[in-house]
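>>> The following block contains a protein sequence and its predicted model.
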Amino acid sequence: TSVNKRSTAASKPPAEIKPWYGPTRGFSYAREVQPVMDKYCVACHDGGQAMDLRGTEMLKDFRMTCPGNGSGYGKFSVGYGNLHAFVRRPGIESDYHMLTPLEFHADTTELVQLLQKGHYGVKLDKEAWDRLITWIDLNAPFHSTWGEYIRDPKEQRQRRRELRKLYAGIDEDPEADVAIKPADLGAPVGSGLSVLGSRGASHAKASAPPSAAIPTTHNRKPTTENPQPTTVTPRTVELGDGVTLSLVLVPPGEFVMGGGTEPTRVVKIDRPFWIAQCEVSNEQFLKFDPTHDSHVESKNHYQFGVHGFPADEPKQPVVRVSWQRASDFCRWLSERTGARFSLPTEEQWEYACRAGAATPFHFGDADADFSKFANLADKKLSEYASNPYAVYGPLKNATKYDDYIPKDTRFDDGGLVAMPIGSYQPNAWGLHDMHGNVWEWTLTALGDHRVVRGGSWYDRPYRSTAAYRITYPAWQRVFNVGFRVVCEATAAQGNVARSK
């Protein structure tokens with residue numbers, strides 16, 4: 001029989017609930033979040049060159065064709081209309097199953113990741129962060145009352161108040177809070193050019209690594225620093241029931257690590273190593289953990305009788321797998337084969353990704369056509385605005401307010417969400433999906449977090465270069481993060497790699 005245990009929390013006296021920056025009220029973007037924009041962002045994002053984040057201008061062309069859009073009504077500020085696109089959140093009546101912990105956590109959004117990196121020197125104070133994170137936690141609302149959206153609720157307003165008093169013992173009128181003034185966070189800080197990005201274009205160009213130590217010509221001749229791919233036969237690991245995992249031998253060498261927003265340094269890879277040709281697939285991971293579920297991607301709007309876009313197909317890369325669980329998979333492989341498997345270090349990962357290239361992508365510069373090489377956020381992502389009655393199928397006559405996820409519309413790689421592993425052309429060393437498809441865990445720690453690399457189907461090119469990095473806690477299972485493995489090479493294999 002189970003025994004009830006007294007938890008630590010239960011042994012403490014009740015904590016006093018402290019008011020959140022003022023009186024009880026509904027959460028209004030104009031009151032709670034726009035002051036953060038005014039203090040830290042509007043000096044640059046003022047409707048000029050950078051994306052407009054002002055709260056003084058209202059949208060005049062708001063229109064949606066998706067079901068459940070309020071019959072076309074929309075009273076939103078221009079700033080809200082632009083900013084909410086950088087927040088990943090569930091749509092109306094989206095996935096009703098139990099979600100993965102932190103599925104829509106603020107730290108998984110481009111907005112928060114950008115600010116955590118120090119976007120053009122912007123540093124939010126504690127209250128500003130608190131207001132922004134709370135907004136995201138509440139699913140990025142704009143209005144605080146029904147009345148400010150369309151009309152006065154009239155008799156419904158009084159009836160709700162009566163029932164709340166009768167059954168909850170609370171006598172309050174949420175519709176009366178519209179007179180509360182916006183937060184006063186003080187004078188604006190900072191100025192200068194700041195480009196968050198727009199929904200129809202890529203981010204500002206990422207710069208290539210400097211050329212001081214190593215030539216930066218993409219098609220340069222082979223050198224000891226820029227080894228050519230070996231002709232060693234790929235290694236195949238049996239996982240059971242005919243499921244295999246292929247590894248490619250990466251030769252030793254030297255390269256410039258970093259670039260763009262990341263610091264640069266020369267790194268020497270002394271020993272060859274085997275690395276998985278592709279990201280680990282659901283099919284492969286299930287041989288280790290038959291209970292794992294990579295789940296689905298919720299649609300932006302209604303999804304009647306549809307669970308969402310599949311992420312759990314056998315050949316798709318495994319996602320919603322923590323760093324800890326990915327490491328467990330590596331230990332399982334080691335025990336199964338007698339070889340030493342692990343996640344790649346950041347240095348190994350970037351070296352293998354570049355495959356001798358010094359440009360932001362192994363296939364070219366920041367603005368290169370990636371459609372044959374990488375599954376990134378592009379024109380295809382417009383189909384996220386989709387038919388709620390079918391798994392796939394673009395929404396007819398979708399507007400920019402239906403189709404709002406940031407993307408690079410110049411190209412179409414054919415992938416809506418994660419594609420089957422190996423769907424795109426490999427780099428010079430035979431490795432697929434080093435850019436895009438899903439982010440990949442690395443062995444490298446940054447504080448109490450672990451570094452992920454490569455970008456994903458949900459990320460624009462600037463977030464998917466060889467150098468770009470973000471971090472997550474080792475225990476977190478993220479919607480677009482998977483992994484690939486590396487394995488130590490023997491001395492004999494190393495000699496073969498060096499001779500090619």
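On my side now, so go ahead.

>>> show me where the protein has helices.
29-32, 34-40, 78-83, 110-116, 126-137, 155-168, 282-286, 323-337, 346-354, 491-499 (DSSP state H).

>>> For residue 405, which of those helices is the nearest?
helix 110-116 (9.6 Å; C-beta to C-beta). From N, CA and C alone the C-beta is placed, and that goes for glycine too.

>>> just how off-centre is that closest one within its chain?
Computed by C-alpha atoms, centre = their mean, to the nearest Å, the chain-centroid distance of helix 110-116 equals 10 Å.

>>> Same check on stretch 98-110?
Counting by C-alpha atoms, centre = their mean, stretch 98-110 comes out at 10 Å from the chain centroid.

>>> low pLDDT regions in the stretch 51-200 of the chain?
Applying pLDDT under 70 to the stretch 51-200 of the chain flags residues 69-73, 150-152, 190-200.

>>> ok, now with 90
63-75, 89-98, 145-158, 160, 172-181, 189-200 (pLDDT under 90).

>>> what do you get for the stretch 201-350 of the chain?
In the stretch 201-350 of the chain, residues with pLDDT under 90: 201-234, 261, 299-308.

>>> which residue sits closest to residue 28, ignoring its sequence neighbours?
residue 144 (3.6 Å; C-beta to C-beta, 6 or more residues apart in numbering).

>>> Give me the distance between the one you found and residue 438.
37 Å (C-beta to C-beta, to the nearest Å).

>>> for residue 16, same thing?
44 Å.

>>> right, and residue 455 touches residue 370 too?
No - using C-beta atoms under 8 Å, residue 455 is not in contact with residue 370; the gap is 10.1 Å.

>>> Looking at those two, which one has more neighbours?
residue 455 (29 against 22; other C-beta atoms under 10 Å).

>>> Setting aside sequence neighbours, what's the nearest residue to the more buried one?
Excluding its sequence neighbours, the residue lying closest to residue 455 (C-beta to C-beta, 6+ apart) is residue 464, at 2.5 Å.

>>> contacting residues for that neighbour?
Contacts for residue 464 were tallied using C-beta atoms under 8 Å, 6 or more residues apart in numbering; they are 361, 374, 376, 435-436, 454-456.

>>> per-residue confidence for it?
In this model, residue 464 is scored at 98, pLDDT.

>>> Next, it: phi, psi?
Dihedral pair for residue 464: phi -120, psi 20, per degrees, to the nearest 10.

>>> Next one: it relative to residue 388, how far apart?
The value you get for residue 464 to residue 388, if C-beta to C-beta is used, is 30 Å.

>>> do residue 292 as well
In terms of C-beta to C-beta, residue 292 sits 28 Å off from residue 388.

>>> Save the helices of the chain as a markdown table, and put in distance to residue 419 and mean neighbour count too.
Shown next, in a markdown table, are the helices of the chain (distance: least, C-beta to C-beta, whole Å; neighbours: other C-beta atoms under 10 Å):
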| stretch | distance to residue 419 | mean neighbour count |
| --- | --- | --- |
| helix 29-32 | 36 | 21 |
| helix 34-40 | 36 | 22 |
| helix 78-83 | 29 | 22 |
| helix 110-116 | 21 | 19 |
| helix 126-137 | 28 | 17 |
| helix 155-168 | 48 | 12 |
| helix 282-286 | 13 | 22 |
| helix 323-337 | 20 | 18 |
| helix 346-354 | 18 | 23 |
| helix 491-499 | 30 | 14 |
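
>>> Distance to residue 176 added to the ones you listed, as TSV?
Below are the helices of the chain laid out as TSV (distance: least, C-beta to C-beta, whole Å):
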stretch	distance to residue 176
helix 29-32	14
helix 34-40	21
helix 78-83	23
helix 110-116	32
helix 126-137	22
helix 155-168	9
helix 282-286	52
helix 323-337	48
helix 346-354	54
helix 491-499	73
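
>>> To residue 49, which of these lies closest?
helix 78-83 (13.8 Å).

>>> Please report the number of neighbouring residues for residue 74.
18.

>>> if I pick it, what's in contact with it?
59, 62-64, 401.

>>> please redo it, this time with the cut-off set to 6 Å
Applying C-beta atoms under 6 Å, 6 or more residues apart in numbering to residue 74 gives the contacts residue 62.

>>> separation between it and residue 186?
For residue 74 relative to residue 186 (C-beta to C-beta), the value is 31 Å.

>>> Compute the first-to-last residue distance for stretch 332-344.
16 Å (C-alpha to C-alpha, to the nearest Å).

>>> rewinding a little: okay, residue 144 and residue 438: which has more neighbours?
residue 438 (34 against 21).
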